[in-house]
Structures are given as structure tokens and as C-alpha cells.
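Colleague: give me a model of this one.
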Amino acid sequence: MPQKRIQSLKGTLLLDGGRLGGSYFSRTVVLICRHDASGAFGLVLNHRDDRLLAEAVPQPLPPVLGSERLHLGGPVQPGALSFLHSDPAMLLPNVIDQVRLGHDVDDLVAVGSGWLPSHRLRVFAGYAGWSPGQLDEEMRNEAWLTHPASIELIFDAEPDTLWRRILKQRPNWEERILADAPEDLGLN
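Modeller: Have a look, this model is predicted:
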């Protein structure tokens, strides 16, 4: 009998619920940007890269973009570039309200050329990807916790404390305790 498909998680944050220790996804927060029958695509929000965007993109960039820090979006295709852009007047968001995902450097340059103080941007090298049914299976195995995505959590929250911050807001006391647990539980 085929497994029941999990409802689309597009626009949801996935958090390591303590079961991914030792993996790339240990203590991560992943924004799911696409989740359908062909698989899932997400971006890790709390892994920084040491490089600036100007170091990773060979073409000239508008000044506002050159000093933008890269984030590590995931272990798949570390040379692939993706970006999340927010604009209060955005007409065609494709992740959550007012947030659009892009992959094309020319589109990124256009965003930078039309930059306004109300815009927000986060640029990623690499991504998190799941084959058809893989994320559904991980959800059935309770590998991830889900949390609603918001513009503030995507763009404004400090990446180094994001995982803990969200867990401390959760209603489940066990999840709140996990936020303060050492990475190696043997040290507890």
C-alpha cells in the first residue's frame, strides 16, 4: 500500500528536533521553498559562509549587493546560487507572502539595481534537496519539527541563535529544553 503524502511544507521552517546530530542538518533551520510530487527544495537559514557575494559572483554587482554576506543554503551543489528577496509591494511572491525565491544572477542584479530601504535580501550558496517522497518519509519518522516561517525569521533573526530562539518559543517543554542542551548529550 503506498504511503500517504504529507501536505506541502512550502513556506514552513523545518528545525532539527534533536535527531539529526552528526549530520549536516544538526541544529539547522531550513526554509522549505518548494515541496511537491517532484521532491522538495529548501535553504538553510542558519549556516553562514565567510565569503561576500562579490567574491562568489564574477560579474559586476550593484554596490548594495557587493558587501552582502553569503549563507550556506545546504550541501547540494555548493556552487549554485539562490536568493530570497522581500519587498512589501511584491506582486508575485513564490515562497511566503512578500518573499520571492530566485536563482538567476541577472535577476539578483536587477533586485540590487532597484534597491529600496524596505527591501530585504539573503543570498545562498548551495541548497537542501529531497527526492520525491524523501521529505515526506523524514516527516513520518519525526526527523524534523515544523514552525511557521516569517519575514522576520528569514531576514532579521541572528543566524547563530536562530535554532535556539525558535525552540525556546515552542509550546512543548521538551523542545524548549532541547534549545539549551549541549550538542553532545554525553556532555550533559
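Colleague: hey, let's count contacts and neighbours off CA atoms from now on
Modeller: Will do.
Colleague: and the helices in this structure?
Modeller: 53-56, 63-66, 105-113, 134-140, 151, 162-169, 173-180 (DSSP state H).
Colleague: so for the first one, mean pLDDT?
Modeller: I take that to be helix 53-56. Averaged across helix 53-56, the pLDDT comes to 91.
Colleague: just checking, what packs against it?
Modeller: Judged by 3 or more Cα pairs under 8 Å, 6 or more residues apart in numbering; DSSP states H and E, the packing partners of helix 53-56 are helix 63-66.
Colleague: so what touches the helix it packs on?
Modeller: Here helix 63-66 makes contact (Cα atoms under 8 Å, 6 or more residues apart in numbering) with 52-54, 109, 112, 115.
Colleague: ok so, going back, the helices of the chain: which one's closest to Ala125?
Modeller: With Cα to Cα as the criterion, Ala125 lies closest to helix 53-56 of the helices of the chain, at 8.7 Å.
Colleague: which outside residues touch the closest one?
Modeller: Residues from elsewhere that reach helix 53-56 (Cα under 8 Å, 6+ apart): 60-61, 65-70, 123.
Colleague: for the residues you listed, give me CSV that also has distance to Glu142, pLDDT and neighbour count.
Modeller: Shown next, in CSV, are the contacts of helix 53-56 (distance: Cα to Cα, whole Å; pLDDT from 0 to 100; neighbours: other Cα atoms under 10 Å):
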residue, distance to Glu142, pLDDT, neighbour count
Pro60, 44, 89, 10
Leu61, 42, 91, 19
Leu65, 38, 92, 20
Gly66, 40, 83, 16
Ser67, 39, 85, 14
Glu68, 35, 90, 15
Arg69, 32, 92, 18
Leu70, 30, 95, 23
Val123, 29, 96, 24
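Colleague: got CSV for the residues you listed, with distance to Gln134 too?
Modeller: CSV is the format used below for these (distance: Cα to Cα, whole Å):
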residue, distance to Gln134
Pro60, 38
Leu61, 37
Leu65, 35
Gly66, 36
Ser67, 36
Glu68, 33
Arg69, 31
Leu70, 27
Val123, 25
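Colleague: for these, which one is nearest His35?
Modeller: Nearest to His35 among the contacts of helix 53-56, with distances taken as Cα to Cα, is Val123, at 20.3 Å.
Colleague: how much space is there between that closest one and Leu153?
Modeller: 15 Å (Cα to Cα, to the nearest Å).
Colleague: list the buried residues in the lowest-mean-pLDDT helix or strand in the chain.
Modeller: In the chain, no helix or strand scores lower on mean pLDDT, DSSP states H and E than helix 173-180, which sits at a mean of 84. Buried residues in helix 173-180, defined by neighbour count with 16 or more other Cα atoms under 10 Å: 175-176, 178-179.
Colleague: which two among those are spaced furthest apart?
Modeller: Farthest-apart pair in the buried residues of helix 173-180 is Glu175 and Ala179; separation 6.6 Å (Cα to Cα).
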